[in-house]
Every structure is written in C-alpha cells, then in structure tokens.
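1. build the 3D model from these lines:
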Amino acid sequence: MSFPRVVAVAPGSPAERAGLVPGDEVVAIDGRVPRDVLEWRFLVDEADVELDVRRGGVDRTVLVDKRGGEALGAEVHSSVFDQVRTCDNHCEFCFIYQLPKGMRRSLYLKDDDYRLSFLYGNFTTLTRFTEADFERVVTEGLSPLHVSIHATDPEVRTRMLRNRRGATSLRWLRALLDAGIEVHGQIVVCPGINDGDVLADTLAGVLDQYSALASLCVVPLGISDHSNEPAMRPHTRDEAERVVELVERWQDVFLRLLEHRLVFAADEYYLLAERPFPEPGAYEGFPMHEDGIGMARAFELEFTGQSTEGIGARPGFFQWVDGAPAEGYRAVRVALRGSREAPVASTRPDIAILTGTYGARVLAPLVDGLGRDDVRIVPVENRFFGGNIGVAGLLVGEDLARTLEAEPEGDRYLLPDVCLTQGRFLDGLGVDDLPRPVEVVSTDGVALRAALA
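-> Have a look, this model is predicted:
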C-alpha cells in the first residue's frame, strides 16, 4: 500500500493556502486512507478537509479551508494507491507477452482492474471481478466500463483466456448491464479461433444476452515479431473481408431489432480488406473512436473542416502506466512541445508528416486533396515490434530516428502525440533524441490542418 503523493499544487488553490507542497504524502483524509484516485476525489470534495500528511519523514496535520465541491488544487502521482489488480489470464493473443525485452518494467504489467477500465478505457475480462467490486461500481456509478468479450461460447472463451473462469465471468457483464452501467465491449479476432462461425455465434450471443451493451468493437489480432504463440498469425485479406461483411450484416440485424448498429469493425479491417470506410453516420457518434473504430472518418471530417473540434486520440498507447494523469483520460490534455528549434531556412520549408504505415494510407488521399507540393507523408516502418504493427500509437524513437536520418535537414517534421506519454516513446527515447527537430501535434485532423496552415 502506498499513499497518494502530491506532484503539483495549483497557485491560489485551497491546497496551496493550506501549505501543501509537492512531495507531501497524504496518509489519510478525514481519517480515511484512500485506495485510489476515485476515493481521493470523493473525500477531498468535502468542505474543510483534514489531511494527515507525511513530509520528510515527519507526520503533520494540514487543515484545508474550502467549500464543498471546490477543487482542492493538488495533483497526485498515481490513479491507484493500494495495488493494481493484475490479470490472471494467459491469453495467447495478449500484446504484453509480445513486447520486446529491455523496455520499462511498468510496460510489462498486465492489469485487469475495473478502476483502470473506468479511468482510462482499459478493457477488463471480469475474471477477477468480485461482489465487492460490483457493489462499488453500482454505488459510485463507475460508468462507462470496458469489457473484453472475445467469445460468448464458454468453452471458446475459456480457451482464449486460458482461464477456467473465462467460462463464467461474463455473468458480471449481465449484472452490470442489469444495474444500468454503461458498458462498451471488445472482441479481438484471432484467425482460425474466434472468427467465422464462432464470431457469428458470438454476435448472436450478444444479441441474446448482452443487447444492452452501449457498443461493441471487433478488432484484428495485433501480432509482433516477439510472439511465441504458433497459433497466432495476422489476417489475410480474404479473412479481413469476411469479418467486415459479417459485421455489416449483423449491424443490419441490430439496427432492425435494437434501432442502433451496436457492433463496429475496426478501421484496420477496412484497410486490410482494401474496402472504403463506412460513411460518418454509420459510426453513430464514434462511441469507440479510441479503439480504432471510425478514426479515419473522424479525422477526415476534422481535416476537411466538417468538424470544428478534434476528437483526437489519447497520447500514449500504454498511457495509464507511466506519467499518466491520475484523473484518467478524462483529464485535460497537456500540450506537448516539440524538440529543439529547427534551423531557420531562407525559403519556406517543406512539411513532412510522420506516421505509421496504416496512418499513411489514411492520410494520403487527404494530403493529395490539398494540391500542395510542399507537404509529404513519411511512413515509419515499425521494426521495433515488427509483425503487422502499423499504428501510429506504437511508433518508437528508434524507428523514427532511423527514418529521419534519411530525411533532409531544414524541413518541418510533424509528429502525432499519440505515440508519446509525457514526452517519451515506448522505447524510452524522447523527442530530443531524434536526429531532426519535430513538432508534436495533437492526433486529430483539426490540429494537423492548423499545423499545415
């Protein structure tokens, strides 16, 4: 058990007036020890809060004079103070098992914690969910949650999770839906295991048992060069096309029976199948945008000015583990700066947009539509992970540095912030380690359009 450690204090806030300073450990709030930032927010929301604080090994009491509902003005170091609930599944498709060696230790932690599901949109399998967890979720209204379904057939789900509780843990999904908790589901499709007839059976099971789901995303297996699972392989084009066709057929079924489409195929499937993305209205407000559902269409709307506010993607693929705001992805995004200033050019510099190989295919028609010869796309091959990994969120400094070495000096290089967490790539490098200056741009079409202007 650790205690919340203050990392920042807002000027003029009740916390500053009371004398809280960065480095203080808050041992208790009005006599209660908070387990996580959810309890922290609840406790410090009260009026006239009494904090038991440990500073430099010395315990003291700090009285905070504030109104009920007034922000304390202190940011803490983590979202969970007791212990992250780790995952006891052994899924052969788990991306954590596919990470190369030598990365930051925190990146290898597998969580299955409903609190991180609520705060950051992480997916939980519910195999470690308990009655006490259910009571807290319902009582405190921790909604929405995100649940990994993968298959509704008990035997298939048990096999996929390599956990006998996989056969029964979806009972909690039923209970959460019955209690009115908003839940978004996910199916990671592994070729030859839960695609085809199994996927069709799963969607039928969702209609029969979990039709109250807010949305359901169907995403393809991501496979790196570091996987040790012989049964895991990327989709072929034909397989991707069959998944898209199946999902679209079931959308018609859900639309007819539930009056909304419910299930959506990831953008990656349309790229793999070489099919056009659905029209924007087919995404019904982009409820699973962060999970790669409708990102391309949303980006297009933003980039072409049809949407004035960027939906964006949260920075950092593993953004909850290192330097993430304890408030979760609902926290205000902090703008990241670029690296050192680019040399002043005598003429207007060309602009290069750095992105993953999938992102390059999405951006190409948009950039072509500008009719400008000073803007180009620079796809970055992901050799760090290898396999079929081509999303911008998994770009690392090593691959960017190799790519930039071959690019001319003096150009403007734009980098999406989705590949960074607090200025660091997954391989530990930062933007200042790159061989060319880069400008970090929010990962949405509005920001990119503004940067190009």
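2. checking the residue lying closest to G445 once chain neighbours are set aside next. Helix, strand or coil?
-> By the measure of C-beta to C-beta, 6 or more residues apart in numbering, the closest residue to G445 outside its immediate chain neighbours is E302, 2.8 Å from it. C-beta here means a position set from N, CA and C on the backbone, and glycine is covered the same way. Put simply, E302 is helix when judged by DSSP: H, G, I helix; E, B strand; the rest coil.
3. correct me, but E302 touches R449?
-> Yes - counting by C-beta atoms under 8 Å, E302 touches R449, with 7.2 Å between them.
4. higher neighbour count, those two?
-> Taking neighbours as other C-beta atoms under 10 Å, E302 and R449 compare with E302 leading, 21 against 16.
5. ok, the more buried one to H235 distance?
-> Going from E302 to H235 by C-beta to C-beta, to the nearest Å gives 28 Å.
6. got it, and E155?
-> Taking C-beta to C-beta as the measure, E155 falls 23 Å from H235.
7. please say which of those two ends up with more neighbours.
-> H235 (22 against 10).
8. which SSE is E268 in?
-> Applying DSSP states H and E as the criterion places E268 in helix 267-273.
9. quick check: mean pLDDT of that helix?
-> Helix 267-273 shows a mean pLDDT of 97.
10. how far does that helix sit from the chain's center?
-> 19 Å (C-alpha atoms, centre = their mean, to the nearest Å).
11. now do the contacts for L258.
-> For L258, the contacting residues are L207, S211, by C-beta atoms under 8 Å, 6 or more residues apart in numbering.
12. surely R174 touches Y210?
-> Yes - counting by C-beta under 8 Å, Y210 is a contact partner of R174 at 6.8 Å.
13. of the two, who's got more company?
-> When R174 and Y210 are compared for neighbours, Y210 comes out ahead with 20 against 12, by other C-beta under 10 Å.
14. state the pLDDT value of the more buried one.
-> In this model, Y210 carries a pLDDT of 98.
15. equivalent analysis for T403, please.
-> Per-residue pLDDT puts T403 at 98.
16. neighbours of it, how many?
-> 21.
17. one more: D24?
-> Residues near D24, counting by other C-beta under 10 Å: 24.
18. how about F129?
-> 24.
19. I'd say it and L173 touch.
-> No - F129 lies out of contact with L173 (C-beta under 8 Å); the separation is 9.2 Å.
20. from E239, how far off is V206?
-> 21 Å.
21. likewise for L255?
-> 25 Å.
22. of the two, which one has the most company?
-> E239 (20 against 14).
23. tell me which element that one is part of?
-> Using DSSP H and E, E239 falls in helix 237-258.
24. pull the CA atoms of that helix into PDB?
-> The C-alpha coordinates for helix 237-258 follow below in PDB (Å, rounded to 0.1, in the frame of the first residue of the first chain):
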ATOM      1  CA  ARG A 237      -7.100 -10.000 -47.000                       C
ATOM      2  CA  ASP A 238      -9.900 -12.500 -47.600                       C
ATOM      3  CA  GLU A 239     -10.300 -13.100 -43.800                       C
ATOM      4  CA  ALA A 240     -10.500  -9.400 -43.200                       C
ATOM      5  CA  GLU A 241     -13.100  -9.000 -45.900                       C
ATOM      6  CA  ARG A 242     -15.200 -11.800 -44.400                       C
ATOM      7  CA  VAL A 243     -15.100 -10.100 -41.000                       C
ATOM      8  CA  VAL A 244     -16.200  -6.800 -42.400                       C
ATOM      9  CA  GLU A 245     -19.100  -8.500 -44.300                       C
ATOM     10  CA  LEU A 246     -20.200 -10.400 -41.200                       C
ATOM     11  CA  VAL A 247     -20.100  -7.300 -39.000                       C
ATOM     12  CA  GLU A 248     -22.000  -5.300 -41.500                       C
ATOM     13  CA  ARG A 249     -24.700  -8.000 -41.800                       C
ATOM     14  CA  TRP A 250     -25.100  -8.000 -38.000                       C
ATOM     15  CA  GLN A 251     -25.300  -4.200 -38.000                       C
ATOM     16  CA  ASP A 252     -28.400  -4.600 -40.100                       C
ATOM     17  CA  VAL A 253     -29.800  -7.100 -37.600                       C
ATOM     18  CA  PHE A 254     -29.000  -4.900 -34.600                       C
ATOM     19  CA  LEU A 255     -30.300  -1.800 -36.400                       C
ATOM     20  CA  ARG A 256     -33.600  -3.600 -37.100                       C
ATOM     21  CA  LEU A 257     -34.100  -5.100 -33.700                       C
ATOM     22  CA  LEU A 258     -32.400  -2.500 -31.400                       C
END
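25. give me the mean pLDDT for it.
-> 98.
26. which neighbouring elements make contact with the next helix-or-strand element following that helix?
-> Sequence-wise, the next helix or strand downstream of helix 237-258 (DSSP H and E) is strand 263-265. Counting contacts by 3 or more C-beta pairs under 8 Å, 6 or more residues apart in numbering; DSSP states H and E, strand 263-265 is packed against strand 215-220, helix 237-258.
27. so which of these is nearest L43?
-> strand 215-220 (32.6 Å; C-beta to C-beta).
28. what's the closest one packed up against?
-> Applying 3+ C-beta pairs under 8 Å, 6+ apart, one finds that strand 215-220 contacts strand 183-189, helix 237-258, strand 263-265, helix 267-273.
29. which one, of the ones you listed, ends up nearest to D432?
-> That would be helix 267-273 among the helices and strands packed on strand 215-220, by C-beta to C-beta, at 31.3 Å.
30. hmm, who's touching that closest one?
-> 218-220, 235, 237, 240-241, 243-244, 247, 276-278, 292-296, 358, 361-362, 391.
31. rerun at 7 Å
-> 220, 235, 237, 240-241, 243-244, 277, 292-296, 358, 361 (C-beta atoms under 7 Å, 6 or more residues apart in numbering).
32. counting neighbours, which of these comes out on top?
-> For these, neighbours tallied by other C-beta under 10 Å; top is M295, 29 neighbours.
33. E75: what secondary structure?
-> Counting by three-state DSSP, the backbone at E75 sits in strand.
34. pretty sure it sits against R5.
-> No - taking contacts as C-beta atoms under 7 Å, E75 lies outside contact range of R5: 10.0 Å.
35. between these two, point out the one with more neighbours.
-> Comparing E75 with R5 by neighbour count (other C-beta under 10 Å), the higher total belongs to E75, at 19 against 16.
36. in this structure, what residue spans correspond to helices?
-> 14-18, 37-44, 114-120, 131-140, 154-161, 170-178, 196-209, 237-258, 267-273, 295-303, 357-368, 397-405, 445-452 (DSSP state H).
37. and the shortest one, what does it pack against?
-> When contacts are defined as 3 or more C-beta pairs under 7 Å, 6 or more residues apart in numbering; DSSP states H and E, helix 14-18 packs onto strand 58-64.
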